[in-house]
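Undergrad: whatever this is, show me its structure:
(one chain, ligands or ions: 1)
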Amino acid sequence: MDRRHLANCSSTNHSLFFLVVVVVLLLHSCLLLPNPLVAVAEDSSSAIISRFQQYLQIDTAQPNPGYHEAADFLISQAKSIGLEFQSIEFVDGKPLVLLKWAGSQPTLPSILLYSHTDVVPVEQHKWAYPAFGAHLDSHGNIYARGSQDMKCVGMQYLEAVRRLKSSGFQPIRSIYLAFAPDEEIGGHDGAEKFADSDIFRTMNVGIVLDEGLASPSEKYRPFFAERSPWWLVIKAFGAPGHGAKLYDNSAMENLLKSIESVRRFRASQFDLVKSGLKEEGEVISVNMVFLKAGTPSPTGFVMNLQPSEAEAGFDIRVPPTADPESLERRIAEEWAPVSRNMTYQLGQFKQKATVYDSFGRPLLTKTDNSNPWWALLEEAVKKANGKLGKPEIFPAATDSRYFRLKGLPSIGFSPMANTPILLHDHNEFLNRAQYLKGIDIYESIIKVYTSYVVQASNEGTKDEL
Ligand SMILES: [Zn+2]
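TA: Next up, the predicted model:
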């Protein structure tokens with residue numbers, strides 16, 4: 001730009017007056033030129049956004065996620081940053097990409113930054129933009145499936161590491177980044193096998209960071225536990241009879257009594273949330289998901305016949321702070337009592353998930369003084385000018401449970417403030433500024449976490465503080 005102006009300048013062969021005018025104009029235009037430092041910063045943030053978009057554009061929707069394309073992309077990122085990498089297939093066709101940045105004291109427990117690569121399917125016709133287009137609109141919102149859940153977090157880890165590495169930062173603890181498959185379908189071929197693997201044992205993980213939820217307020221939402229799914233099917237039996245006859249103990253009547261009892265319990269739990277006494281994740285939720293009864297006919301159901309069997313299914317979510325024995329008693333005594341010709345199955349479709357870890361302790365990560373990682377997270381977020389809300393119980397399931405089952409602390413945290421919760425929803429988006437801010441937050445967390453040496457070094461290394 002400068003050169004062109006100068007060329008124009010030299011080609012003007014006019015009076016001194018015009019020369020002065022041109023010089024003045026030239027100086028003026030020089031003052032308007034962008035500051036080269038700002039230009040570089042803008043350039044790098046657009047490069048950061050473009051890398052995020054590239055990851056979002058890889059269609060990793062269940063049930064046919066493009067796992068290898070995602071793995072190739074992540075490995076290319078690792079190479080450009082200079083991280084050790086490996087792709088592990090515990091199950092063929094389902095790679096877990098594991099990256100490592102070795103610390104200067106590799107014997108200290110490591111930090112695991114965990115994310116999943118798959119996303120839930122979309123109903124494209126209900127979206128304003130292509131769900132795998134990563135369209136950036138004029139408000140800075142980036143639309144894509146996975147923009148909140150949770151490709152944002154995976155890429156933010158990478159960008160934070162990229163920045164720290166290029167700044168010359170040297171971690172004391174080793175840091176791992178895991179990009180795992182299949183979280184959206186239960187994590188059995190991903191996180192579960194990973195947490196059980198020899199590779200995982202050799203990593204000597206001290207703390208896991210995993211996904212949280214967007215926050216409509218200015219405070220980020222950290223999660224220290226999650227509710228365990230109990231899928232319950234209850235079945236009632238009774239004498240069949242004519243549709244016109246009134247009699248006791250029909251299967252339908254028996255089932256309806258149970259449904260009424262379940263509904264009363266559901267309302268009592270919901271009231272605690274409505275009144276503000278408890279958060280959503282702190283109560284036991286129960287929702288009826290199917291009803292099955294009746295005698296089929298070619299046009300629907302036989303209408304003058306009371307069936308001898310009737311069934312209902314419930315999705316129950318149990319927080320680790322609840323008493324599972326008392327819930328089981330309630331099911332046996334009130335919801336499906338033998339005295340009313342009822343049977344029940346817990347976990348007909350899926351194991352009834354435990355609320356205890358492998359040491360028999362409640363399946364949760366402490367957020368008091370006994371867990372230094374919690375205080376360090378608070379400190380790191382504050383240092384990066386972020387605000388952290390109070391720790392919550394995640395209302396649904398995440399891969400964190402596989403790490404907590406091993407007795408490891410795992411904190412669910414996705415730095416998205418002032419953002420509507422759109423995970424699994426149509427038009428999922430994340431704002432550019434929130435995304436970039438989240439990188440600063442992780443940069444701070446990684447610095448604080450990898451520099452922490454007190455806890456694991458009982459003696460000797462205290463001077464390193
Ligand atoms: Zn997720």
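
Undergrad: C-alpha from now on. contacts and neighbour counts both.
TA: Will do.

Undergrad: without its sequence neighbours, what residue ends up closest to the residue nearest the centre of the chain?
TA: When the chain is reduced to its mean C-alpha position, the nearest residue by C-alpha atoms, centre = their mean turns out to be Glu211, at 2.9 Å. The shortest distance from Glu211 to any residue other than its chain neighbours is 4.6 Å, reached at Gly412 (C-alpha to C-alpha, 6 or more residues apart in numbering).

Undergrad: quickly find the element holding the one you found.
TA: strand 410-413 (DSSP states H and E).

Undergrad: same for that strand, what does it pack against?
TA: Under the contact criterion of 3 or more C-alpha pairs under 8 Å, 6 or more residues apart in numbering; DSSP states H and E, the helices and strands touching strand 410-413 comprise strand 205-210, strand 222-226, helix 400-405.

Undergrad: pick the most deeply packed of the ones you listed.
TA: Ranked by mean neighbour count, those are led by strand 222-226 with a mean of 27 (mean count of other C-alpha atoms under 10 Å).

Undergrad: from the contact counts, what lies against that one?
TA: So strand 222-226, by 3+ C-alpha pairs under 8 Å, 6+ apart, packs with strand 392-394, strand 410-413.

Undergrad: mean confidence for the lengthiest helix in the chain?
TA: The helix of greatest length in the chain, counted in residues with DSSP state H as the criterion, is given as helix 251-274. This predicted structure assigns helix 251-274 an average pLDDT of 97.

Undergrad: then stretch 421-431?
TA: Averaging pLDDT along stretch 421-431 gives 95.

Undergrad: what residues sit buried inside that stretch?
TA: Burial within stretch 421-431, assessed by neighbour count using 16 or more other C-alpha atoms under 10 Å, is assigned to 421-424, 426-431.

Undergrad: of these, which belong to strands?
TA: 429-431 (DSSP state E).

Undergrad: among those residues, which one lies nearest to Gly93?
TA: Within the set of these, Phe429 lies nearest Gly93; the separation is 28.5 Å, counting by C-alpha to C-alpha.

Undergrad: pretty sure Leu98 sits in a strand.
TA: Yes - read with DSSP: H, G, I helix; E, B strand; the rest coil, Leu98 is one of the residues of a strand.

Undergrad: show me what it bridges to in the sheet.
TA: For Leu98, the beta-bridge assignment (DSSP bridges) gives partners Gln86, Ala178.

Undergrad: and it, how many residues sit next to it?
TA: As a burial measure, the neighbour count of Leu98 was computed by other C-alpha atoms under 10 Å and equals 23.

Undergrad: Ala353 too?
TA: With neighbours defined by other C-alpha under 10 Å, the count for Ala353 comes to 16.

Undergrad: check what pLDDT it gets.
TA: The per-residue confidence score, pLDDT, reads 80 for Ala353.

Undergrad: phi, psi of the closest residue to it other than its chain neighbours?
TA: Leaving aside its chain neighbours, Ala353 sits nearest to Ser228 (5.4 Å; criterion: C-alpha to C-alpha, 6+ apart). Here the main-chain torsion angles of Ser228 (degrees, to the nearest 10) amount to phi -90, psi 130.

Undergrad: what's the local residue count around Ser228?
TA: Ser228, neighbours per other C-alpha under 10 Å, totals 24.

Undergrad: gap between it and Val338?
TA: Counting by C-alpha to C-alpha, to the nearest Å, the separation of Ser228 from Val338 is 26 Å.

Undergrad: equivalent analysis for Glu183, please.
TA: Look at Glu183 and Val338: by C-alpha to C-alpha, they are 38 Å apart.

Undergrad: look at those two and report which has more neighbours.
TA: Counting neighbours by other C-alpha under 10 Å for Glu183 and for Val338 shows that Glu183 has the greater number, 22 against 13.

Undergrad: can you tell me how far the closest residue in space to Gly243 that isn't next to it in sequence sits from Gly241?
TA: With sequence-adjacent residues excluded and distances taken as C-alpha to C-alpha, 6+ apart, Gly243 is closest to Asn304, at 4.1 Å. Distance of Asn304 to Gly241, given as C-alpha to C-alpha: 9 Å.

Undergrad: picking that back up, please tell me I have it right and the residue nearest to the centre of the chain contacts Cys152.
TA: No - counting by C-alpha atoms under 8 Å, Cys152 is not a contact partner of Glu211; they are 9.9 Å apart.

Undergrad: which parts of the stretch 1-150 of the chain are strands?
TA: In the stretch 1-150 of the chain, the segments counted as strands under DSSP state E, counting those that start in this stretch are 84-88, 96-101, 110-116, 135-136, 141-143.

Undergrad: nearest to Gln269, out of the ones you listed?
TA: Taking C-alpha to C-alpha as the criterion, strand 110-116 is the member of the strands of the stretch 1-150 of the chain that comes nearest to Gln269, at 31.6 Å.
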